[in-house]
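Undergrad: generate coordinates for the sequence data below:
(2 chains)
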Amino acid sequence: ETGVTQTPRHLVMGMTNKKSLKCEQHLGHNAMYWYKQSAKKPLELMFVYSLEERVENNSVPSRFSPECPNSSHLFLHLHTLQPEDSALYLCASSQARYAGNEQFFGPGTRLTVL
Amino acid sequence: TQLLEQSPQFLSIQEGENLTVYCNSSSVFSSLQWYRQEPGEGPVLLVTVVTGGEVKKLKRLTFQFGDARKDSSLHITAAQPGDTGLYLCAGETGANNLFFGTGTRLTVIP
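TA: Alright, predicted model coming up:
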């Protein structure tokens, strides 16, 4: 595997389900990001981890819970979601979290909440 | 939250035509990035512009950063079907924080 991978690529869940999205980067990077891309809004940053420590949380509802067990893996735990949470969830990584670093994106997980 | 508005939102042109996409904001950014996203994939970085007034060329694509570092444009010469995709601008502030634009969906018809 190369670059940034995400699993699953598609997920359908009910509002009472609990699921997790997984992201893995094979680039040796130290910063990882979760973004949400919905049809009617610009791509928006949700969480940032730098050296496995959460450094940014952009007012995301608590039904989204991130986890970064090591610098290569990032999870997004989902519970009690709402239909408006249906979106493409993108993971990205960069060498470090400072200005000018290129972010590399994974292909995303297409989430549908019924 | 910094807002970047892109225009046009949708663009459908014939192969060989030229086009320009605009990215405008009232905020100042330390850099401006352009990405292209294809269906089923994440965005891929095309270019980063850093200095006000800077112009960068990538084959048939020309990127310009506004003098005040609040806006940018992407010009494509002689568009090809392979240019089809969603073009996103993103302004960077602080430590690698990116604020993405509203997107321009380009379709180039053979």
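Undergrad: taking chain B, what residue is nearest to chain A?
TA: B:Gly42 (2.9 Å; CB to the nearest CB). For every residue, glycine as well, the C-beta is placed using N, CA and C.
Undergrad: how about that residue, what does it touch?
TA: A:4, A:90, A:92, A:105-108 (CB atoms under 8 Å, 6 or more residues apart in numbering or on different chains).
Undergrad: what about 7 Å?
TA: By CB atoms under 7 Å, 6 or more residues apart in numbering or on different chains, B:Gly42 lies in contact with A:90, A:105-108.
Undergrad: what packs against the helix or strand of chain B with the lowest mean pLDDT?
TA: Within chain B, no helix or strand scores below strand B:97-100, which has a mean of 90 by mean pLDDT, DSSP states H and E. Helices and strands touching strand B:97-100, by 3 or more CB pairs under 7 Å, 6 or more residues apart in numbering or on different chains; DSSP states H and E, are strand B:85-93.
Undergrad: would you list the strands that the strand it packs on pairs with, along with their directions?
TA: When sheet partners are counted by DSSP bridges, strand B:85-93 sits next to strand B:31-37 (antiparallel), strand B:97-100 (antiparallel), strand B:104-109 (antiparallel).
Undergrad: would you convert those strands into JSON lines that also reports distance to A:Cys23 and mean neighbour count?
TA: Listed next are the strands paired with strand B:85-93 as JSON lines, based on distance: least, CB to CB, whole Å; neighbours: other CB atoms under 10 Å in any protein chain shown:
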{"stretch": "strand B:31-37", "distance to A:Cys23": "17", "mean neighbour count": "22"}
{"stretch": "strand B:97-100", "distance to A:Cys23": "17", "mean neighbour count": "22"}
{"stretch": "strand B:104-109", "distance to A:Cys23": "26", "mean neighbour count": "17"}
